[in-house]
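A.B. asks: need a structure here:
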Amino acid sequence: MKVFVAVIAGLSVLVLMVAIYWVSTIPAPSEMKVSKLVVAIDDGPEIDNFKLQSTSHEGVLDNSSLEGHWTYLVFGYTHCPDVCPTTLNTLAKVTQKLGTEKSPLVVFVSVDWPRDNVTILKQYVTSFDKSFIGATGSDEALKPLVKSLSAYYQRNNQHDTIKDGYTVDHTSSVFLINTKGQVRAALTMPGTVDQIVSDTNQLMSHH
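C.D. replies: Here you go, the predicted model:
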């Protein structure tokens, strides 16, 4: 009887060792590896209903415009001296590297409606890439989108009149929005083309 028990115990240990070995050989799920400049959001919040004028064929940018494809959304203004053109130029190179079929659509939202109308925006954004879309609207129209993305802007014109030369403080991050119109991540700028391509691929494959 003791011999039988010993054999059973030995077999149990052997089975346990085989099981441990088998589990250890199973590849671990791939982990998302993004740069430190990325703030990733799982199951991000939906964006509040908004409606802006757009350079797209529809002439409107709203919640439905952000669904069915990935989107890079950027806030800025056409008179921006450095950050905006640098960011758009970088995203143009990212678009070329990823390919237009895979790359998120770039949407540039102007927070300077007194100077940026749709005509000016179209000329501005397409100078970086023909696929880029521009959009703008009044402060009231911009509010839901800005609030949903926890972004900000402040025009430095004291009397709220159109004066050449004033600047606009604004969020410089690039927001990556998934196919459901939810925020997937915020990419801190400036970033290199290779870094953004790598981060974007990781974020789009882990959603």
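A.B. asks: how long is stretch 109-119 end to end?
C.D. replies: Counting by Cα to Cα, to the nearest Å, you get 14 Å between the two ends of stretch 109-119.
A.B. asks: So for it, mean pLDDT?
C.D. replies: Stretch 109-119 carries an average pLDDT of 96.
A.B. asks: tell me which element the spatially most central residue of the chain is part of?
C.D. replies: Nearest residue to the geometric centre of the chain (Cα atoms, centre = their mean): residue 176, 1.0 Å. Per DSSP states H and E: residue 176 is located in strand 174-177.
A.B. asks: didn't the residue nearest to the centre of the chain look like it was pressed against residue 182?
C.D. replies: No - between residue 176 and residue 182 there is no contact under Cβ atoms under 8 Å: 10.1 Å. All C-beta spots, glycine's among them, are computed from the backbone N, C-alpha and C.
A.B. asks: What is the burial count for residue 145?
C.D. replies: By other Cβ atoms under 10 Å, the residues close to residue 145 number 26.
A.B. asks: Check for me that it belongs to a strand.
C.D. replies: No - read with DSSP: H, G, I helix; E, B strand; the rest coil, residue 145 is helix and lies in no strand.
A.B. asks: List the contacts of the nearest residue to it once chain neighbours are set aside.
C.D. replies: Spatial nearest neighbour of residue 145, chain neighbours left out: residue 50 (4.4 Å); criterion: Cβ to Cβ, 6 or more residues apart in numbering. Going by Cβ atoms under 8 Å, 6 or more residues apart in numbering, residue 50 touches 62-63, 141-145, 148.
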